[in-house]
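> sharing a model that was predicted from the sequence below.
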Amino acid sequence: MFKKGLISSMPIVIGYFPVAVTFGINTVALGFSPLEAILSSMLIFAGASQFVLISTMGYSFTNAIIIPLFLNLRHIVYGCVISQKFRIEKPVMTAFGLTDEVFATSLNLASDERYMWGIQLGAYLSWVIGTAIGAFGGSILVSNKMLVPSLVFSLKALFFILLMANLEHSSILSAFVGGSIAILLHKFGYTSLGIIVAGILSPIIVMKIKGGEKTE
Amino acid sequence: MRNYVIIILVALGTYLTRFLPIKFGKKFRELKDIDEFLRHSSTALISALFITTLISFPIESKEMIKGILALLGVFVAYRIWKNLGISVLVGVISHFLLSLMVK
């Protein structure tokens, strides 16, 4: 199961790597040490919030802690959903690598905790190694203006497939409501909040609509 | 030293947002209609993640069309092979070829 999970992590690996290299380069370019870049990838392992962290770390101590954490609040919903999907024996370990992509892939493919560890390990290594390469001079790798967007596109493709697979046994209405809420808040710059609200509000709306249909 | 403290605190906070709901997830099972709620919630979350990675504001029509066409390739590949890795790879290659064509 662990090996299967590791193989399933390949689309995430492809997508994470160029972003991690970019993170490493940016961190060093902003005046932080390569060690700080690698350490944040090793300990935090949360893409978007790490970019926010390096852009606020030079200024306010409080903001550098609060803003990235606010961005990561959506993980609370992920944890609730995953813990209902299968029995989790080692939450201390399983919780560590629960990123957006790991969550979405695990939700559709993982049948147990070990499978999820495989997905997490692949994603984690790609993120940490990519950061290290970027921090120690990966500017050559990200200088290809055409290749990098195509590699990053793999994350869009990944979410698209996972959505298709999920819709085979779930309601299209949930996807529509969730997507609409998220895009609305994304438009105003509240992307992370939009994902949290979509995860909480969409089921309430869909269940209300379906409940109403049943009553009629 | 200050930066290392920030990194450790953010890491700790991030970890807790992931760990606590898993650790205390069992309590949720006792709630009424929780299975249906979470089923809809997971679909909504994946949809939200997809749409927010696909669209970035301001919308650049050229990039958008390129993305949608590459997703079409992903869709076809997934219908044929039902394989996540192959479908993603088809998407990446399609996107790259489209980038070469639409310079």
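Here it is on my side, so go on.
> in this structure residue A:77 contacts residue B:42, no?
No: in terms of Cβ atoms under 8 Å, residue A:77 does not count as a neighbour of residue B:42; the distance is 9.1 Å. In short, each C-beta sits where N, CA and C put it, glycine included.
> these two: who's more crowded?
Set residue A:77 next to residue B:42 and count neighbours by other Cβ atoms under 10 Å in any protein chain shown: residue B:42 wins out with 29 against 23.
> distance of the closest residue to the more buried one other than its chain neighbours from residue B:99?
Ranked by Cβ to Cβ, 6 or more residues apart in numbering or on different chains and with sequence neighbours excluded, the top spatial neighbour of residue B:42 is residue A:81, at 5.0 Å. Distance, residue A:81 to residue B:99, using Cβ to Cβ, to the nearest Å: 35 Å.
> who has more neighbours, those two?
More neighbours surround residue A:81 than the other of residue A:81 and residue B:99, with 22 against 18 (other Cβ under 10 Å).
> just say helix, strand or coil for the more buried one.
Applying DSSP: H, G, I helix; E, B strand; the rest coil to residue A:81 yields a three-state assignment of helix.
> pull the helix or strand with minimum mean pLDDT from chain B.
Sorting the helices and strands of chain B by mean pLDDT, DSSP states H and E puts helix B:26-29 at the bottom, at a mean of 67.
> which is the next helix or strand following it?
Taking DSSP states H and E as the definition, the helix or strand that follows helix B:26-29 towards the C-terminus is helix B:34-54.
> check the offset of that next one from the chain's centre.
For helix B:34-54, the distance from its own C-alpha centre to the chain's C-alpha centre is 10 Å (Cα atoms, centre = their mean, to the nearest Å).
> if you average pLDDT over the helix ranked longest in chain A, what comes out?
Here the longest helix in chain A is taken by residue count, with DSSP state H as the criterion, and it is helix A:191-215. Rounded to a whole number, the mean pLDDT of helix A:191-215 is 84.
> helices and strands around it, which ones?
If you count contacts as 3 or more Cβ pairs under 8 Å, 6 or more residues apart in numbering or on different chains; DSSP states H and E, helix A:191-215 packs onto helix A:74-85, helix A:172-187, helix B:34-54.
> and that helix, which residues are buried?
A:191-200, A:202-203, A:205-207 (16 or more other Cβ atoms under 10 Å in any protein chain shown).
> what of stretch B:65-83?
B:66-67, B:70-71, B:73-75, B:77-78.
> lowest pLDDT pick from those residues?
The weakest per-residue confidence within those falls on residue B:78 (88).
> buried sites along stretch A:145-155?
Applying a neighbour-count criterion of 16+ other Cβ under 10 Å, one finds A:147-155 buried in stretch A:145-155.
> which other residues reach it?
When contacts are taken as Cβ atoms under 8 Å, 6 or more residues apart in numbering or on different chains, the neighbours of stretch A:145-155 outside the stretch itself are A:11-12, A:14-19, A:22, A:101, A:142, B:53, B:67, B:70, B:88, B:91-93, B:95-96, B:99-100.
> perfect, I'm done here.
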